[in-house]
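> what follows is a predicted protein model with its sequence.
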Amino acid sequence: MKFAILVYGPPYTYQAAHSALHFARAVTESGHQIYRIFFYHDGVYNANALIAPPQDETDIHAQWTTLAQEHDVELIVCIASSLRRGILDETEADRYEKSAGNIGKPFEISGLGQLIDASINADRVVTFGV
Amino acid sequence: MKFAILVYGPPYTYQAAHSALHFARAVTESGHQIYRIFFYHDGVYNANALIAPPQDETDIHAQWTTLAQEHDVELIVCIASSLRRGILDETEADRYEKSAGNIGKPFEISGLGQLIDASINADRVVTFGV
Amino acid sequence: MKRILFVQSRAPYGTLSGQEGLDALLMGSAFVECALLFLGDGIYQLLSNQDAAALGLKDYSVSFGALKDYGVQNLYCSESDLQHRVLETDDLVIPVTALDDAAIRELMASHDVILSF
Amino acid sequence: MKRILFVQSRAPYGTLSGQEGLDALLMGSAFVECALLFLGDGIYQLLSNQDAAALGLKDYSVSFGALKDYGVQNLYCSESDLQHRVLETDDLVIPVTALDDAAIRELMASHDVILSF
Amino acid sequence: MAAKILHTFNKSPISPVLDSCLRFTGEDDALVLLEDGVYTATAAWGVKLDELIDAGVPVYVIKIDVDARGLANRLIEDVQVIEYDGFVDLCANYEVVKSWF
Amino acid sequence: MAAKILHTFNKSPISPVLDSCLRFTGEDDALVLLEDGVYTATAAWGVKLDELIDAGVPVYVIKIDVDARGLANRLIEDVQVIEYDGFVDLCANYEVVKSWF
C-alpha cells in the first residue's frame, strides 16, 4: 500500500514533524511504500539545511535526509508556503535576489499540484498537523 | 516609558508577529521608547532574510528592518531558539560549518540574558504569543 | 476518480491555515471533484464585511466567491457550529449547506481523502 | 530589584514551550528573584516517570530538580487545575505549593514582570 | 502593593485559555482582546464576559482585528474599541501585562 | 459505500478539537491518540471516551507518547497501547484517515 504523508509542523517547536518521521520509518519497515512526503504550512522549515540543534537533541533535518536516501523517498516542499517563510533552493534564491538558498537535498521545492497528485495516487493520506 | 516586546510567533503562519509590529510602531509614535524586541520560540524565523512573500502580502522581515533603522530599535534573536531552527548569522554558520548565514541585519543573535536584562530594565514587558 | 474533502476548522487571520487550505482546494479542483466543509471556527472565514487591509494581511474571503468558477459546488458547514456562534447562512459571503452531525459523518465517509486545515 | 513570575501552561513534548520556558527561568534566576507557576496543562511537565528517550526528545523533567540549586524556591501550581487532572502533588517530581485562584491572582499582582510559556 | 494587571487574550474564545484568563482577571484589572480574541466580544461568546463587565472591569477590542473579521456591527455592548495607540497607553497605565495565548 | 474512518487526535484533551473529533467518530470507526492526545486516556479525561468505548469503537494510544509523559501506569482500561507499526496497519485497515489537530 502506498502512503502519502503530509507534514504541517516545524521542527522541534511542535511534535508533529517528529511523529511524522516515526510514522514514515514505520511505513518503510512494514513492507508498505511511501508515495511522497509533502511539507506544507510551517512544515517547510524541516527543509532548512542550516538547522544546528544542541548535541543532546536529534537533528531532524538530517533524519529526514537519511530516510529519503535509504528508502528513495520524495521530500517535497510546497513553494507557496516556503517562499513566504524564506525556505529557498538556489534557483528561487537567484530569482528573488537573495544571497543563497537554504534547502538541503534531497528536499525539493514544488507546487501544490504535488499534494493533489499524492492525494490521487496514494492509497492513504496521513496528516501530521499542529 | 520603556517597553520590551517579546515575539514568539513566526511570520505569516500566526498573527502574533504582525500584531507585535503594529504594537511596536504604536510605541514609537506615542512618545514612549522600545528598550528591545526579543524574538524567542518560532519568533526567531522573523529574522530570516530569505523571506520572499507574494507581492500582495506585506514583507514582515523588511518591516522589522525598517522599524529598527528608523527608530534605532534592537532586534535580538535568541541563540538557543535560533540554532535549532536554522536561523544563523555568518559567525554561527562558520562555527557549525553551514554554507551561509540567513539572518538579515539589524537582527542580531544573542543569549537569553538579553531577555532577562529587558525584563529588568524595561518598564513594561509585552508578549505576543501563539 | 478520487474525491477529496477539504475541512476548514480555524478562524481567518489569526492563523494562515484557512488561506493555505483554500489554495490547496483551488489546486485540487483543477484535477478532481472536491468538496469543502467548514467546522467549528472555520465558518468565520465566510463571515461578510471582512476588511483586512489595515492588518496588512490578505483578505481572502473574496476568493471564496471564485469557487463557483473552479467548479467547487459542494460547500457545507455544521448546523450546530453555526448556531453555537449565533450565525445564520445569510451572514455568509457564499451559500453553504448546513448539515447535522450524522450527515457530516456520512460526508467524511463518502470521500476518499480528507485534507484538514 | 525586580521580581519575575514565569508561567508554564502547556504539556511537555507536544510543544517545546515548556523547555524554552525553563531555559529562560534558569537564566533569570542567575540575576533576579524568580517564581514559577504551573497553570492548566503545565503541571503535566512535573509528572513523575517521564521517559522521552524513544521520542528522540530531551526529557527535561529532570531539569526541574536543578531549580533548588539555582535558588528558585517559589514553585506554585493551581489547586483546581491539579484536581481537574486527578493529580496530587505527590505525583510530581518536585514539591510545589498548590494555590487557589485568589492566591494565584495575588501572586501575579505581586510580581513586576510576568513571562508566559 | 498589589499591582493592577492588564490581561491580553489573542485566541478564539473556544480556546480553554480564555477560561484561565477570566479566572485570574481581578476587579482592578482590564482585558484587551486582540487577533482571534475579538470574537469573544460577539453575541455567541459575550456571556463569558458578563461577570467581568458587571464587576466594572474594562474590556477592550482592537479595531483592526474587529474590522478584518467583519465584526464591526456584531460587537456586544460594553466593550470599547481601541487602536494600537490606546493599547500602548493601557500597558503604561497598568503595572503588569499578562499575555494569555 | 460509506468508508470506515481512522481518526487521529494529537492535542491535549482540553482542546475543543477533541469534542469535534468525538462527535464525528462513527461506530465503524477507530481512534488513535498520539502526542498530547494520549492524556485523553487518563482518569481525568477518560469519561469523554466512554460513549465511544461503550459503542465498541477501538481507541488506541501510541506507546512512546505514553512513556514520554509518564502515563504508562495511568491509562484507563479499554484503550490499546500500540507502536508506530500498529498505527501504520490501522491506516491500511481503515479506508480514510481524518487527522484532528
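That came through fine.
> ok but A:P11 is inside a helix, no?
No: counting by DSSP: H, G, I helix; E, B strand; the rest coil, A:P11 is not found in a helix; it is coil.
> residue contacts, it?
A:17-18, A:45-46, A:48, A:51, A:60-61, B:84-85 (Cβ atoms under 8 Å, 6 or more residues apart in numbering or on different chains). C-beta here means a position set from N, CA and C on the backbone, and glycine is covered the same way.
> and what of E:G86?
For E:G86, the contact set (Cβ under 8 Å, 6+ apart) comprises E:Y60.
> so how far is chain F from it?
30 Å (Cβ to the nearest Cβ, to the nearest Å).
> most neighbours of all the contacts of A:P11, which one?
In terms of neighbours by other Cβ atoms under 10 Å in any protein chain shown, the contacts of A:P11 top out with A:Y45 at 32 neighbours.
> pull the longest helix from chain C.
helix C:17-29 (DSSP state H).
> for the contacts of A:P11, work out which two are farthest apart.
Farthest pair in the contacts of A:P11 (Cβ to Cβ) is A:H18 and A:N48. Separation: 15.3 Å.
> which positions in stretch A:38-49 come out as buried?
Within stretch A:38-49, the residues that count as buried by 16 or more other Cβ atoms under 10 Å in any protein chain shown are A:38-49.
> anything in it sitting right up against chain D?
No: Stretch A:38-49 is not in contact with chain D by Cβ under 8 Å from any Cβ of the partner chain; minimum separation 12.5 Å.
> what ranges do the helices span in chain E?
Under DSSP H, chain E gives helices at E:17-23, E:50-54, E:63-68, E:84-93.
> and the first one, what does it pack onto?
This means helix E:17-23. With contacts taken as 3 or more Cβ pairs under 8 Å, 6 or more residues apart in numbering or on different chains; DSSP states H and E, helix E:17-23 sits against strand E:5-9, strand E:96-100.
> which ones are touching the residue of chain A found nearest chain D?
Using Cβ to the nearest Cβ, the single residue of chain A nearest to chain D is A:T58, 4.1 Å away. A:T58 is in contact with A:18, D:56-57, counting by Cβ under 8 Å, 6+ apart.
> out of those, which sit inside strands?
Of these, none are assigned to strands by DSSP state E.
> ok, those residues vs B:I116, which is closest?
Of all the contacts of A:T58, D:L57 has the smallest distance to B:I116: 25.5 Å, by Cβ to Cβ.
> which ones are touching the closest one?
Counted by Cβ under 8 Å, 6+ apart, D:L57 has contacts A:15, A:18, A:57-58, D:13, F:68.
> and with 7 Å instead?
A:18, D:13, F:68 (Cβ atoms under 7 Å, 6 or more residues apart in numbering or on different chains).
> can you lay out those as TSV showing distance to chain C and pLDDT?
Output for the contacts of D:L57, formatted as TSV (distance: Cβ to the nearest Cβ, whole Å; pLDDT from 0 to 100):
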residue	distance to chain C	pLDDT
A:H18	19	97
D:Y13	22	96
F:A68	25	97
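> look up phi and psi at C:C77.
phi -140, psi 170 (degrees, to the nearest 10).
> hey, what's the residue lying closest to it once chain neighbours are set aside bridged with?
Excluding its sequence neighbours, the residue lying closest to C:C77 (Cβ to Cβ, 6 or more residues apart in numbering or on different chains) is C:F38, at 4.2 Å. Taking DSSP bridges as the rule, C:F38 bridges to C:Q8, C:C77.
> look up how far E:S15 lies from C:F38.
Distance, C:F38 to E:S15, using Cβ to Cβ, to the nearest Å: 18 Å.
> neighbour count winner among these two?
Counted by other Cβ under 10 Å, C:F38 and E:S15 do not tie: C:F38 has more neighbours, with 24 against 21.
> and the gap between that one and C:M27?
19 Å.
> residues of chain E that sit close to chain D?
Residues of chain E that fall close to chain D, judged by Cβ under 7 Å from any Cβ of the partner chain: E:1-3, E:5, E:20, E:23-24, E:26, E:96, E:98-99.
> swap in 10 Å and give it another go.
Residues of chain E lying near chain D by Cβ under 10 Å from any Cβ of the partner chain: E:1-5, E:7, E:16-17, E:19-20, E:23-29, E:95-101.
> show the buried residues in those.
Here, 16+ other Cβ under 10 Å leaves E:3, E:5, E:7, E:16-17, E:20, E:24-26, E:28-29, E:95-101 buried among the residues of chain E next to chain D.
> burial count for A:Y96?
For A:Y96, the tally of surrounding residues (other Cβ under 10 Å) stands at 14.
> okay, the closest residue to it other than its chain neighbours and A:I109: tell me how far apart.
Nearest residue to A:Y96, sequence neighbours excluded (Cβ to Cβ, 6+ apart): B:A52, at 4.1 Å. Distance of B:A52 to A:I109, computed by Cβ to Cβ: 12 Å.
> shared neighbours, the two?
Shared contacts of B:A52 and A:I109 (Cβ atoms under 10 Å, 6 or more residues apart in numbering or on different chains): A:82-83, A:87-88, A:92.
> could you identify the most distant pair in those residues?
Maximum distance among these (Cβ to Cβ): 8.9 Å, for A:I87 and A:E92.
> so what sits against both of these two?
Joint contacts of A:I87 and A:E92 (Cβ under 10 Å, 6+ apart) are A:79, A:101, A:103, A:109, B:50, B:52.
> between those residues, which is nearest chain F?
In terms of Cβ to the nearest Cβ, no member of the shared contacts of A:I87 and A:E92 lies closer to chain F than A:I79, at 23.0 Å.
> the closest one touches A:Y96, doesn't it?
No: contact criterion Cβ atoms under 10 Å: A:I79 and A:Y96 do not qualify, at 11.6 Å.
> any shared contact partners between those two?
Listed as contacting both A:I79 and A:Y96 by Cβ under 10 Å, 6+ apart are A:L88.
> quick one, what contacts residue 10?
Assuming you mean chain A. A:P10 touches A:16-17, A:39, A:41-46, A:48, A:60, A:85, A:130, B:10, B:13, B:42, B:45, B:85-86, D:16, counting by Cβ under 10 Å, 6+ apart.
> my bad, the chain I had in mind was chain E
Residues near E:N10 by Cβ under 10 Å, 6+ apart: B:9, B:14-16, B:19, B:127-130, C:14, E:17, E:32-38, E:62, E:65, E:99-101.
> do you know how far A:R36 is from chain B?
Distance from A:R36 to chain B, by Cβ to the nearest Cβ: 22 Å.
> what's the burial count for residue 72?
Going with chain A. 11.
> nope, chain E
Neighbour count for E:A72, taken as other Cβ under 10 Å: 13.
> may I have the predicted confidence score for it?
At E:A72 the predicted local distance difference test score is 97.
> so what's E:E77 up against?
Counting by Cβ under 10 Å, 6+ apart, E:E77 makes contact with E:41, E:46, E:53.
> how about those in JSON lines, adding pLDDT and distance to D:S78?
Shown next, in JSON lines, are the contacts of E:E77 (pLDDT from 0 to 100; distance: Cβ to Cβ, whole Å):
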{"residue": "E:A41", "pLDDT": "98", "distance to D:S78": "26"}
{"residue": "E:G46", "pLDDT": "96", "distance to D:S78": "26"}
{"residue": "E:I53", "pLDDT": "97", "distance to D:S78": "24"}
